[in-house]
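J.: Please work out how this folds:
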Amino acid sequence: MMPSSISLTPGKRVLFLTKDPDLVRRQLRGELDLRMEDVRVEDLLDDVNTDAMTPAWACFDYRPEDIARNAYAGITVDGERLFPEGSLMAGRFEVIVSGLRKGVGSSRETAVQAEKWSGIRIAIAASFAPIHARNNIAQGVLMGDHAMLRRLQAGEAIPLSEFAAGQDAITRLVIEHGGLFPFTKAYARGEVKLPAPDTGPRPMTLAEKILARHVVGASGPVFVKPGDAVCVRVDGGYSHEFTTAQVHYFLEQEYGPGYRLQDPRKFAVFEDHLIYADGVPRMARFSPKIQLLRDLQRAFQRHTGVLDYSAQDGVSPGICHSVARERIIEPGDFIQATDSHTCMGGSLNALAYGVGATEYAALALSGFTFVEVPESIRFELTGRLPEGCTAKDVMLYVLAHHARRQDTLDRVMEFGGPGLGSLSPDERATLANMATECSAKAGVVEADEAMLQWIAARRPGVDVDGLRARTVSPDAGASYAGGVHVIDLGAIRPMVATPGDPARGIPSDPTNGALIADLPPVPIDIAYGGSCTAGKEADLDLYAQVMAEADRAGRRVKDGVSFFIQFGSQAVEDYARRRGYLDVFERTGVRVIHPGCGACIGCGPGVSETPQQVTVSAINRNYQNRSGPGQLYLASPLTVAASAVEGRIVEYREGMFAGATATS
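T.: Numbers count the residues shown, from 1 in each chain. Take a look at the predicted model:
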């Protein structure tokens, strides 16, 4: 159990993550100790992302004590690590301080582990990204705000209850027990009694209705509201070779080598994230660790009997989110997995979001989990997208106009309205997928016949009527804490997000030719199409549309530009082959790659190799060093393909290559 009051430990230190890197260096070297009154909140780093805290290569270690040596290795200044190896651990820090939205980005719990095993027991920030916050709670790391730090540094002992303030009843119990595993063990021993849901009848949002259906032990109609603490059944989940080893390790550590899952038929493992890592020169030194992760995942699969989506002959069945959407998730499901883009499953009228390895291990073992019912924000879509615009442009617009001002923070993004039907099921998957870039809890999409037919077409024997009976709709009069926001799809313009943050989106200018407004000409070295976000069938249609037009005009990928297209799944690759797209890509100089995450996480072809290289990519996030050291712009599949042909970032317009001089 945690002590009833929290104070700073004599001899321990506080690390302020300031925007001035020299101040950080001086603190790490022990030359400077700051106090909260010395620092303005606006001087602290905002949006400290989990890729910066533990970049992909740092996660090749699965023991937390090894991961901690490379804490914050992803923050570089002039190509050099701001945090030398082991520096956070050696600095005797027990508190770490930042600004807004601490822990955005990937769901990797390693970010919390790197801090905790370096000695950090309190994280201070103006706000926390939802998955990262849950990972802190699961690991027993306390979270507070800047006012609390002033009190601590003044010598005050703060009651533990203040660190748990604002949390639901179950989360408060987890915090009091010092983390998720101590809490679940106490619960299993009968030492913890959970509060029964007592919310009366009320109109509910889509996410609230799904959770109400899953409350454990409930009889009769159940109603929930934001803030309610509930124990809910989990319909399924999955992990991948980046995370499974930790899940296996934690379960063995906590429950012994003979542990068993409650129902392994609901869960799966995927080999997708590191499938191409061995081919990246800068990853060569990590090959033994990568192979160990693969071996440990296969050991976990044999031990537990979960569904196996391992690579065969070096080829992955696909990215976990893509394959789960094609084969596993059904309307009304509640899905948990060890990846932030798990929310892509919400496009199938399900509630799905990522969790850390500790939380996943606990729920996979038991088949249930504990949640606080989240608030929701609704996006009512009207009209139709103009030619040349895609769902990616919609999400870059939402990021720039709503996520940046924190409308979406820790809320479920609900998508509906009369304009939704104008988007294909694949395009709706882009909406749900990129909810995590908005620091949202999840993205959920209303159901219709097009979605049901999409599922049935990919699962022989599945009954559409049975799927229809599982669908969930929001109630009339449901309350949305984040408001209801109408988005006229007809007003969306092609968007490009500038390097460093997906929320830095700027639209095209219809008066400025094919250039993006406020963006000077940007020559590119790499164009990348793929990932779970942009490797779906509809995305392949868009890449092929542009490249076929270029082919007819005698154009191809610009000399000096490398254009990669990576499929989201084997099913998508088969689709592209049947449609003749592979021939078009070959003629026009596009390099196609079997399914996998690849360059999206810096582990495959398409990764930049120098800071000077410029990439335009259809992936979901462009944080520093996410896909190599270069500058990465985010855009739609249409913009990516058109830019590959032009050799600079341009908006695609139908017929743009007609009559142009070939430049191949």
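J.: Pull out the buried positions in the one helix or strand E427 maps to.
T.: If you go by DSSP states H and E, E427 is part of helix 425-433. By 16 or more other Cβ atoms under 10 Å, the buried positions in helix 425-433 come out as P425, D426, E427, R428, A429, T430, L431, A432, N433. Bear in mind the C-beta positions are built from the backbone N, C-alpha and C, glycine included.
J.: The spatially closest residue to C597 that is not a sequence neighbour - how many residues pack around it?
T.: Computed as Cβ to Cβ, 6 or more residues apart in numbering, the closest residue to C597 that is not its neighbour in sequence is H273, at 4.7 Å. By the measure other Cβ atoms under 10 Å, the count of residues near H273 is 26.
J.: isn't H273 right up against Y238?
T.: No: using Cβ atoms under 8 Å, H273 is not in contact with Y238; the gap is 11.9 Å.
J.: now the strands for the stretch 101-250 of the chain?
T.: Ranges of strands within the stretch 101-250 of the chain are 122-124, 142-144, 158-159, 229-233, 236-240, based on DSSP state E, counting those that start in this stretch.
J.: quick one: average confidence on the second one?
T.: Strand 142-144 shows an average pLDDT of 98 in the prediction.
J.: Show me what that strand pairs with in its sheet, parallel or antiparallel.
T.: Sheet partners assigned to strand 142-144 using DSSP bridges are listed as strand 122-124 (parallel).
J.: Likewise for the third one?
T.: Within its sheet, and counting by DSSP bridges, strand 158-159 is paired with strand 5-6 (antiparallel).
J.: wait, which of the buried residues of helix 425-433 is closest to H594?
T.: The nearest member of the buried residues of helix 425-433 to H594, counting by Cβ to Cβ, is D426 at 19.3 Å.
J.: could you say what helices and strands the strand or helix carrying V371 packs with?
T.: V371 belongs to strand 368-372 when elements are defined using DSSP H and E. Using 3 or more Cβ pairs under 8 Å, 6 or more residues apart in numbering; DSSP states H and E, the elements in contact with strand 368-372 are helix 169-177, strand 229-233, helix 357-366.
J.: so which helix or strand takes in the closest residue to H485 other than its chain neighbours?
T.: Among residues not flanking H485 along the chain, F379 sits closest, at 5.4 Å (Cβ to Cβ, 6+ apart). Assessed by DSSP H and E, F379 sits inside strand 376-382.
J.: what's next to that strand, contact-wise?
T.: Surrounding strand 376-382, the residues in contact under the criterion Cβ atoms under 8 Å, 6 or more residues apart in numbering are 205-208, 226, 398, 402, 407-408, 411-420, 422-423, 440, 474, 478, 480-490.
J.: I'd like to know the average pLDDT value across the following helix or strand past that strand.
T.: Next helix or strand after strand 376-382 toward the C-terminus (DSSP H and E): helix 391-398. Mean pLDDT, computed over helix 391-398, is 97.
J.: Would you check that my belief about I506 contacting P494 is correct?
T.: No: distance between I506 and P494: 10.0 Å, which falls outside the contact criterion (Cβ under 8 Å).
J.: With neighbour numbers in mind, choose between these two.
T.: A direct count of neighbours by other Cβ under 10 Å for I506 and P494 places P494 higher, at 26 against 16.
J.: Mind pulling up the pLDDT for that one?
T.: 94.
J.: Can you name the residues that contact it?
T.: Per Cβ under 8 Å, 6+ apart, neighbours of P494: G388, C389, D393, P507, S508, I516, A635, S636, L638, T639, E651, Y652.
J.: Name the SS class of the fourth one, please.
T.: For P507, the reduced secondary structure class is strand; criterion used: DSSP: H, G, I helix; E, B strand; the rest coil.
J.: circling back: looking at the helices and strands packed on strand 368-372, which is closest to G105?
T.: That would be, of these and by Cβ to Cβ, helix 357-366, which comes in at 16.0 Å.
J.: quick one: the nearest residue to E176 once chain neighbours are set aside from Q167, how far?
T.: Of all residues not flanking E176 in the chain, M2 sits nearest, at 5.7 Å (Cβ to Cβ, 6+ apart). Separation of M2 from Q167 (Cβ to Cβ, to the nearest Å): 13 Å.
J.: Give me the common contacts of these two.
T.: I175.
J.: Please enumerate the helices of the stretch 51-200 of the chain.
T.: 64-67, 87-90, 110-116, 130-139, 146-153, 160-163, 169-177, 180-188 (DSSP state H, counting those that start in this stretch).
J.: any idea which of the ones you listed is most buried?
T.: Counting by mean count of other Cβ atoms under 10 Å, helix 110-116 has the highest mean neighbour count of the helices of the stretch 51-200 of the chain, with a mean of 28.
J.: Can you give the contact residues for that one?
T.: Under Cβ under 8 Å, 6+ apart, the answer for helix 110-116 is 50, 53-54, 58-59, 64, 67-68, 70-72, 88, 96, 103, 123, 132, 135-136, 138-141, 246, 356.
J.: mind checking how far that helix is from the chain centre?
T.: 17 Å (Cα atoms, centre = their mean, to the nearest Å).
J.: for stretch 286-306, same thing?
T.: Distance, centroid of stretch 286-306 to centroid of chain: 23 Å (Cα atoms, centre = their mean).
J.: And stretch 588-607, by the same measure?
T.: That offset, for stretch 588-607, works out to 19 Å (Cα atoms, centre = their mean).
J.: how long is stretch 317-337 end to end?
T.: 17 Å (Cα to Cα, to the nearest Å).
J.: cool, stretch 200-211 as well?
T.: By Cα to Cα, one end of stretch 200-211 lies 15 Å from the other end.
J.: One more: stretch 561-573?
T.: End-to-end for stretch 561-573, by Cα to Cα: 23 Å.
J.: V584 against D551, yeah?
T.: Yes: counting by Cβ under 8 Å, V584 sits close enough to D551 to count as a contact (5.9 Å).
J.: More neighbours: those two, which one.
T.: V584 (21 against 18).
J.: now for whichever strand or helix holds the more buried one, which elements pack on it?
T.: Element membership for V584, per DSSP H and E: helix 581-587. In terms of contacts (3+ Cβ pairs under 8 Å, 6+ apart), helix 581-587 is packed against helix 537-552.
J.: could you check the angle helix 425-433 makes with the helix it packs on?
T.: Here the directions of helix 537-552 and helix 425-433 differ by 120 degrees (axes from the mean of the first three to the mean of the last three Cα atoms, to 10 degrees).
J.: average model confidence for helix 537-552?
T.: 98.
J.: Kindly report the same for stretch 233-252.
T.: 96.
J.: quick one on the thing from earlier: okay, angle between the strand holding V371 and helix 357-366 too, please.
T.: Going by the same axes, to 10 degrees, strand 368-372 makes 130 degrees with helix 357-366.
J.: quick one: strand 368-372 to chain centroid distance?
T.: 20 Å.
J.: Partner strands of that strand, with direction?
T.: By DSSP bridges, strand 368-372 pairs with strand 229-233 (antiparallel).
J.: Helix 169-177 and the partner strand, what's the angle between them?
T.: Going by the same axes, to 10 degrees, strand 229-233 makes 100 degrees with helix 169-177.
J.: Contacts made by strand 229-233 with the rest, please.
T.: For strand 229-233, using Cβ under 8 Å, 6+ apart, the contacting residues are 168-171, 194-195, 197, 211, 214-217, 224, 334, 367-373.
J.: if you set the cut-off to 6 Å instead, what comes out?
T.: 168-170, 194, 197, 211, 214-216, 368, 370-372 (Cβ atoms under 6 Å, 6 or more residues apart in numbering).
J.: What score does G513 have for pLDDT?
T.: Confidence score, pLDDT, at G513: 49.
J.: Noted, bye for now.
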